[in-house]
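Enquirer: sequence isn't available, so here's the structure alone:
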């Protein structure tokens, strides 16, 4: 048998089936996660859709969804939109998983390809009519219109204006509160996913909590605590402020004055952290996105990667694929929300088998996908963990991947009695 040559009609049919699959997946995800509609409302117009009922669905959404809506309010709009357009839920089939940004970008891209196909047909007709002027005019309009990118829309000057405004207000990064770390990394950069990894007991949560406290003075900050409860975090903070251990308060080993001092420290912490929202319990990556979106967060800190739950479509994935999807979603969230994301992660046990226990990238659990998706990878290393040191001690922050700068080593000081880090004059640039 001779080789089958795909005809133009077959190619077009496959293209249209692809558009349908992507658009129905998008509608299904918007229904499942209604706050996504708030995030992507400005990205797509009804004209972006090939399926007419989905164009009607999205037109209703755009007319009724508001940026300040709660999840329940957004869900009401989406439900009504599906009823108006006679759209039901469908099994996901396009291969984009739950990346709402990926689906939105693909809808825009396929719409642009369709317009190219249509324009090319018109161009061929004008060529056959020997209408040179019409051909030149069409090509000129085509080039001026630009590409399909939903974030650029051919208006690159707008990005420059945005960056200029952010630079004027110092808003491209969020300070960690540690001067040496800020100088080396540039703070927590917006639209980037930063991994902070280390072995248990190294101080990851303490460092992340300190960054959260500093940021929450100025920025809307979200802390997703998948290990410690909100009460545990706040009692630890009160212990640090008052110098009184929570276990002593809980066991009744303090007098009334100490107890009052502890509770006053806790009340002051609640007042000082007014721009902080803490979410504890079990969360999938999609639920983390929803929680962060509901607050309009500038900084999202998640403790930690290994405790993020798989949703129904992810529960059968191998660990490396699951971690890859989670980190990709967190990176998408950083870009879509223009926020900084700090994701804590555990290291595998291989580091314990080496004489030099300073972490390297391969020590990340299933490191390939995590390293690929992260913009920055920081390791925290405390020699005192292995030597049994007590009191203040040096801690090394080892930056093994930095998207927009050189890698570095930064030494700071840790006070285990207060769970606090402070600056020390030590930075070594690696490249």
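Expert: On my side now, so go ahead. Because the structure is a prediction, the values reported are computed rather than measured.

Enquirer: and the longest helix that the chain contains, what does it pack against?
Expert: Longest helix in the chain by number of residues (criterion: DSSP state H): helix 100-128. When contacts are defined as 3 or more C-beta pairs under 8 Å, 6 or more residues apart in numbering; DSSP states H and E, helix 100-128 packs onto helix 8-32, helix 35-40, helix 132-145, helix 319-337. For the C-beta atoms, the positions are set from N, CA and C on the backbone; glycine is no exception.

Enquirer: tell me the buried residues in that helix?
Expert: By neighbour count with 16 or more other C-beta atoms under 10 Å, helix 100-128 contains the buried residues 100-112, 114, 126.

Enquirer: run the angle between it and helix 319-337 for me.
Expert: Put simply, helix 100-128 runs at 70 degrees to helix 319-337, going by axes from the mean of the first three to the mean of the last three C-alpha atoms, to 10 degrees.

Enquirer: give the rounded mean pLDDT of helix 100-128.
Expert: For helix 100-128, the mean pLDDT works out to 75.

Enquirer: show me the helices in the stretch 151-300 of the chain, by range?
Expert: According to DSSP state H, counting those that start in this stretch, the stretch 151-300 of the chain carries its helices in the segments 156-168, 179-185, 204-215, 230-242, 246-250, 256-272, 285-295.

Enquirer: give me the contacts around the shortest one.
Expert: Contacts with helix 246-250, where a contact means C-beta atoms under 8 Å, 6 or more residues apart in numbering, come from 235-236, 238-239, 254, 258-259, 262.

Enquirer: how far does that helix sit from its chain's centre?
Expert: Here helix 246-250 is found 36 Å from its chain centre; the criterion is C-alpha atoms, centre = their mean, to the nearest Å.

Enquirer: per-residue confidence averaged over it?
Expert: Here the average pLDDT along helix 246-250 is 86.

Enquirer: then the last one?
Expert: Rounded to a whole number, the mean pLDDT of helix 285-295 is 85.

Enquirer: list phi and psi for residue 421.
Expert: phi -110, psi 150 (degrees, to the nearest 10).

Enquirer: state the number of residues packed around it.
Expert: Residues near residue 421, counting by other C-beta atoms under 10 Å, number 22.

Enquirer: wait, it sits on residue 411?
Expert: No - judged on C-beta atoms under 8 Å, residue 421 makes no contact with residue 411 at a distance of 10.7 Å.

Enquirer: can you work out which residues contact both of the two?
Expert: By C-beta under 8 Å, 6+ apart, the residues touching both residue 421 and residue 411 are residue 395.

Enquirer: so in the protein, where's the weakest helix or strand by average pLDDT?
Expert: Lowest by mean pLDDT, DSSP states H and E among the helices and strands of the chain is helix 156-168, with a mean of 54.

Enquirer: still on that earlier bit, who wins for proximity to residue 30 among the helices of the stretch 151-300 of the chain?
Expert: Proximity to residue 30 (C-beta to C-beta) singles out helix 285-295 among those, at 11.9 Å.

Enquirer: and the closest one, how far from the chain's centre?
Expert: Averaging C-alpha positions (C-alpha atoms, centre = their mean) puts helix 285-295 9 Å from its chain's average.

Enquirer: and if you look at stretch 74-85?
Expert: Distance, centroid of stretch 74-85 to centroid of chain: 27 Å (C-alpha atoms, centre = their mean).

Enquirer: now do the buried residues in it.
Expert: Those would be 74-75, 77-78, 81-82, 85, for stretch 74-85 by 16+ other C-beta under 10 Å.

Enquirer: again with stretch 48-56
Expert: So, applying 16+ other C-beta under 10 Å, buried residues of stretch 48-56: 48-51, 53-56.

Enquirer: did I read that right, residue 404 in a strand?
Expert: No - per DSSP: H, G, I helix; E, B strand; the rest coil, residue 404 lies outside any strand segment and is coil.

Enquirer: residue ranges with poor pLDDT in this protein?
Expert: Within the chain, the stretches with pLDDT under 70 are 1-6, 35-43, 66-69, 89-99, 101, 131, 134-135, 137-172, 366-367, 424-431.

Enquirer: quick one: the helix or strand containing residue 83 to helix 285-295, angle?
Expert: When secondary structure is defined by DSSP states H and E, residue 83 falls within helix 71-85. Helix 71-85 runs at 110 degrees relative to helix 285-295, counting by the same axes, to 10 degrees.

Enquirer: report the distance from helix 71-85 to the chain centre.
Expert: Using C-alpha atoms, centre = their mean, the offset of helix 71-85 from its chain centre is 25 Å.

Enquirer: returning to that earlier point: with distance to residue 176 added, can I get the buried residues of stretch 74-85 in TSV?
Expert: Formatted as TSV, the buried residues of stretch 74-85 follow (distance: C-beta to C-beta, whole Å):
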residue	distance to residue 176
74	33
75	36
77	38
78	38
81	42
82	44
85	47
